[in-house]
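Undergrad: Compute the structure for the input listed below.
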Amino acid sequence: MSHANAALTPRHRLKVARLVVEDGYPISEVAARFQCSWPTVKRWVDRYRDGDREMQDLSSRPRTMPTKTRPQVTKRLVSLRLRLREGPVQLAARCGVAPSTAHQILVRCRLNRLAHVDRATGEPVRRYEHPHPGSMIHVDVKKLGNIPDGGGWRYVGRAQGDKNRAGTPGKARNAHHNPKMGHAFVHTVTDDHSRVGYAEVHDDETAATAAAVLRRAVAWLGTRGVPVERVLSDNGSAYRSHLWRETCAELGITPKHTRPYRPQTNGKIERFHRTLADGWAYARHYTSETDRRAALPAWLHAYNHHRPHSACGNQPPFSRLTNVPGQYT
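TA: Okay, here's the model as predicted:
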């Protein structure tokens, strides 16, 4: 493809060459007709006589590049980037090249941003997305501390928070006279393609609870036209149980598990947990755990129907589902 400022397109270059070679017009006359210099016309005439009928621009890259960075240096620089997570200036000093050269190598290898490199393993991050809703759902459990009556320490301070914990009835006390408030276990489900989220709060994370949540989540997605094919979970005891496998088999779902000690494999649900914590769990001052749990359905509705999601083109997750009742309410 010719450059933006080219006087002649490939089609006109061919026409110029044929006027001179085949029709016998003088080069100067053809140059005047097409408003270009006679050396330009001669160049395309010579190309035509040599058998070129494409008339495309040739590469301006030199045949030899004595100062080109050696492959061994590039390989070492990339290896150090993945292992040490250092910037171009530090890598340039280690490899004996200019910082600008180090930066160009990182850009060419798509390693110029540390966000592209997994922090735990140093490997490039591989992002994926399943082709349609229901092809894969992610499940996990988010563990939260229960909120005492009157509010937790995040909003009322440590001193008042301890008093509220001590004044909450029905809880055991430890050696420091602070009640063990227990935990809330938020069982979460998110669809890989659409990012639609589903969540329930329970007082445990047993296999029976996890299997029951899966049944209800699959039914909830089914009423919205999303048949579930696979489910991805970590290697927790609930997801390795016989009950979990039997439930998946009954629902016609293929269970998948992440690599051990690799939560990044289930990164979409981990990111959903962060959004859940910021938007619901710790978003405002709840006066009790009951108050917080009652606010979850409204937040889920806002997340699914109204909150823009960057992975969905800044549209809400439900925008990736079609013909869903109440989709825009």
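
Undergrad: Please spell out which residues along the helix or strand hosting residue 31 are buried.
TA: Per DSSP states H and E: residue 31 is located in helix 27-33. Within helix 27-33, the residues that qualify as buried are 27, 30-31, counting by 16 or more other Cβ atoms under 10 Å. For the C-beta atoms, the positions are set from N, CA and C on the backbone; glycine is no exception.

Undergrad: same thing with stretch 192-206?
TA: Within stretch 192-206, the residues scored as buried using 16+ other Cβ under 10 Å are 192-202, 205.

Undergrad: swap in stretch 38-54?
TA: Neighbour-count burial for stretch 38-54, counted by 16+ other Cβ under 10 Å, picks out 40-42, 44-45, 47-48.

Undergrad: Same question for stretch 136-146.
TA: Of the residues in stretch 136-146, those scored as buried under the neighbour-count criterion (16+ other Cβ under 10 Å) are 136-142, 144, 146.

Undergrad: related to what we said a few turns ago, kindly indicate which of the buried residues of stretch 38-54 lies nearest residue 229.
TA: Residue 229 lies nearest to residue 47 out of the buried residues of stretch 38-54, by Cβ to Cβ, at 56.8 Å.

Undergrad: give the contact list for the closest one.
TA: Each residue near residue 47 by Cβ atoms under 8 Å, 6 or more residues apart in numbering is listed here: 13, 17, 55.

Undergrad: Who wins on neighbours among those?
TA: In terms of neighbour count, residue 13 stands highest of the contacts of residue 47 at 27 neighbours, by other Cβ atoms under 10 Å.

Undergrad: ok so, going back, pick the one among the buried residues of helix 27-33 closest to residue 89.
TA: Within the buried residues of helix 27-33, distances to residue 89 taken as Cβ to Cβ reach their minimum at residue 31, with 51.7 Å.

Undergrad: Might you report the residue contacts of the closest one?
TA: The contact partners of residue 31, taken as Cβ under 8 Å, 6+ apart, are 37-38, 40-41.

Undergrad: Surely residue 215 touches residue 246?
TA: No: proximity of residue 215 to residue 246 does not meet the contact threshold set by Cβ atoms under 8 Å, at 11.5 Å.

Undergrad: can I assume residue 85 is in contact with residue 114?
TA: Yes: taking Cβ under 8 Å as the contact criterion, residue 85 and residue 114 are neighbours in contact, 5.9 Å apart.

Undergrad: For the protein, which segments are assigned as strands?
TA: Counting by DSSP state E, the chain forms strands over residues 137-145, 183-191, 197-202, 230-233, 254-257, given from the N-terminal end onward.

Undergrad: Save these as CSV, and put in mean pLDDT and distance to residue 7 too.
TA: Listed next are these as CSV, based on pLDDT from 0 to 100; distance: least, Cβ to Cβ, whole Å:
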stretch, mean pLDDT, distance to residue 7
strand 137-145, 93, 57
strand 183-191, 93, 55
strand 197-202, 94, 58
strand 230-233, 93, 58
strand 254-257, 93, 59
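
Undergrad: Distance to residue 151 for the ones you listed - can I get that in TSV?
TA: Compiled in TSV, the strands of the chain are given as follows (distance: least, Cβ to Cβ, whole Å):
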stretch	distance to residue 151
strand 137-145	13
strand 183-191	15
strand 197-202	18
strand 230-233	34
strand 254-257	38
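
Undergrad: which stretch among those strands comes nearest residue 316?
TA: Between residue 316 and the strands of the chain, the tightest spacing by Cβ to Cβ is seen for strand 197-202, at 10.7 Å.

Undergrad: residues making contact with that closest one?
TA: For strand 197-202, the surrounding residues in contact (Cβ under 8 Å, 6+ apart) are 184-191, 209, 213, 216-217, 220-221, 272, 276, 293, 296, 300, 303-304, 317.

Undergrad: Sheet-wise, list the partners of that strand with their directions.
TA: Its sheet considered, strand 197-202 pairs with strand 183-191 (antiparallel) by DSSP bridges.

Undergrad: Now do the partner strand: distance to the chain's middle.
TA: The gap between where strand 183-191 is centred and where its chain is centred comes out at 21 Å by Cα atoms, centre = their mean, to the nearest Å.

Undergrad: Next: stretch 191-199.
TA: Averaged C-alpha coordinates place stretch 191-199 at 14 Å from its chain's average position (Cα atoms, centre = their mean).
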